[in-house]
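Undergrad: any chance you could fold what I've pasted below:
(one chain, ligands or ions: 1)
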Amino acid sequence: MFRHTYAVATIVMLTYAGIVLAETRATPEPVTFNKHIAPIIFESCAHCHRPGEAAPFNLLNYTDVKQRAKFVAEITESRVMPPWHAKQGYGDFANDRSISDEKIALIRQWVDQGAVEGDPADLPSLPTFVDGWQLGRPDVVVQMAEAFTVPASGPDIYRNFVVPVTVPEGKYLKAIEFRPSARSVTHHSLFAIDTEGECRKLDEQQPGPGFSGMGFRGARQNVQGIGGWAVGGTPKAFPDGIAIPLPPTFDLILQSHFHPTGKEEQEQSVVGLFLTDTPPTRKMVPVQLPVFFGAIKGIDIPAGEKDYTITESFKLPVDVNVTGLSGHAHYICSQMKATATLPNGTEIPLLWIDNWNFAWQEEYRYKKELPLPAGTVINASIHYDNSAENPSNPNDPPQRIAWGRESTDEMGSITVMMIPQSRSDEAALEKARRSLTLRSLLESKSNPGGRRGAMRERIIQRFDDDKDGKLNEEEMERATDAVGSFLGRAGFSQFGEQ
Ligand code: HEC
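TA: Residues are numbered from 1 along each chain as shown. Model prediction:
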């Protein structure tokens, strides 16, 4: 009884403190658009809410904002806008778009006081937006040769487009910026460099622009993934010391995922390449947890299941710096989380997306690279809510959902972007990553009679010297050395997966 009373008293005190705090924080002078609100809107909303960008209307002046003032107050209070899904206090990100509680309260105060415009002399000038390109003027701009027609309806489309590129001799790629022409249907695009013209051959075999599918059927070996763009993503140069050597001519491959919206659209992406003369001094090794977007985790989520979870862990063989993380999943993912457990047992939060939203697939980039010592274990978990209570559930009533490439199927992984602290450790990290892929594949029970089952059997047969039906340490070791090219040759590898 005493405890109960005490708890109630505490809540009352906290609430009271909250009110006092809010009162002392409130701006005593009348809140005006020109003085108080415009700076917030210009800094945190205008770059998306302007012509030619993804947002559905402009937020560039008093009239734009006043028209939907209530909506703006509500949507910032619910933290739907600006879009940002990482939990506060869980990783310190450079591209954090969220705005402070004070700013949210100020918008509310402005609306409650009648959304007044204020003194024109107080109005700051709009930021200058560079001619469509967010990273400045690219060194090379290329465009898909022909537009691809995305039909009004039908299943999702995965299409690979081959864009020939010529750059001056001796250049390195420092950044890439992707601009879809049909933003409303373009869900994401993964980029790769093909130096051997292998994708071009696949393109020639199919009518129309590009070729279909997510795999490259053997072309993979000479195709190097270099990141991607997803709805709401902001382009950014590679971290310091990271650059990708470019031959003078190559094909840029855009693997785009389209989601028809009821209206036929023409997509003809434009890509800007930013070049440098400075060779890289470090190497990025992205580690995807689980590998292959969870394809070999056997994701199979019963209708109504509220918390279906897949997990993966990876022990760092060397000291690394983590530069950021990105997550990928489809509609019914509810949250995803990554932590690092140091050799001394301390747990460091890496990323927690506690309110996953399919529309906002982001790269989360740290303000400062996070050093992690060898022996650290990174744990990733992806959660799915396939109940009717999940407003993002594409099925009503809920239906069983398994791993697949349609956006109404599921997949999921967190990719941890890491750079070995010492160049001599790069090979060891890459080997550990291959070993994770091999271990996952061999442990997986998924797809027994299909492609993955056949792959498991082939790998075991090839490396099982003592013919006991499984791979011992030494056999695993040899298989790990071979596995990258072996999986690539077998066409298993999924483009862009790492
Ligand atoms: C990164 C780009 C981006 C930023 C920054 C951004 N928005 Fe949006 N906003 C969008 C997009 C895109 C939509 C369309 C809905 C969606 O895709 O979620 C949208 C939709 C909205 C809507 C309509 C929501 C609905 O349910 O119809 C409002 C209101 C809004 N934004 C207000 C704001 C305000 C206010 C800010 C700044 C505090 C802001 N937005 C910042 C991209 C952005």
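
Undergrad: what strand or helix carries the residue lying closest to residue 31 once chain neighbours are set aside?
TA: Leaving aside its sequence neighbours, residue 31 sits nearest to residue 110 (C-beta to C-beta, 6 or more residues apart in numbering; 4.1 Å). All C-beta atoms are positioned from the backbone trio N, CA, C, and that covers glycine. Here residue 110 sits within helix 101-112, counting by DSSP states H and E.

Undergrad: and that helix, how far out from the chain middle?
TA: 31 Å (C-alpha atoms, centre = their mean, to the nearest Å).

Undergrad: and after that helix, which helix or strand comes next?
TA: strand 140-143.

Undergrad: for that next one, which residues meet the burial criterion?
TA: By neighbour count on 16 or more other C-beta atoms under 10 Å, the buried set for strand 140-143 is 140, 142.

Undergrad: distance check, the closest residue to residue 109 other than its chain neighbours against residue 118.
TA: Spatial nearest neighbour of residue 109, excluding adjacent residues (C-beta to C-beta, 6+ apart): residue 31 at 4.9 Å. Distance of residue 31 to residue 118, given as C-beta to C-beta, to the nearest Å: 8 Å.

Undergrad: the stretch 101-250 of the chain: helices as residue ranges?
TA: 101-112, 198-204 (DSSP state H, counting those that start in this stretch).

Undergrad: okay, and the helix or strand of the protein with the least pLDDT?
TA: Lowest on mean pLDDT, DSSP states H and E among the helices and strands of the chain sits helix 2-25, with a mean of 38.

Undergrad: quick one on the thing from earlier: and the helices of the stretch 101-250 of the chain as JSON lines, adding distance to the ligand?
TA: Output for these, formatted as JSON lines (distance: least, C-beta to the nearest ligand atom, whole Å):
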{"stretch": "helix 101-112", "distance to the ligand": "8"}
{"stretch": "helix 198-204", "distance to the ligand": "31"}
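
Undergrad: contacts only, for the nearest residue to residue 376 once chain neighbours are set aside.
TA: If the residues on either side of it in the chain are set aside, residue 376 comes closest to residue 316, at 4.7 Å by C-beta to C-beta, 6+ apart. Neighbouring residues of residue 316 by C-beta atoms under 8 Å, 6 or more residues apart in numbering: 372, 373, 374, 375, 376, 377, 378, 418, 429, 432.

Undergrad: again with residue 91
TA: Per C-beta under 8 Å, 6+ apart, neighbours of residue 91: 325, 349, 350, 351, 352, 364, 366.

Undergrad: tell me the bridge partners for the residue lying closest to the third one once chain neighbours are set aside.
TA: Pointing back at residue 350 there. Distance criterion C-beta to C-beta, 6+ apart; nearest residue to residue 350, sequence neighbours excluded, is residue 338 at 4.1 Å. Per DSSP bridges, the residues bridged to residue 338 are residue 351, residue 380.

Undergrad: residue 338 touches residue 324, doesn't it?
TA: No. Using C-beta atoms under 8 Å, residue 338 makes no contact with residue 324, being 11.0 Å away.
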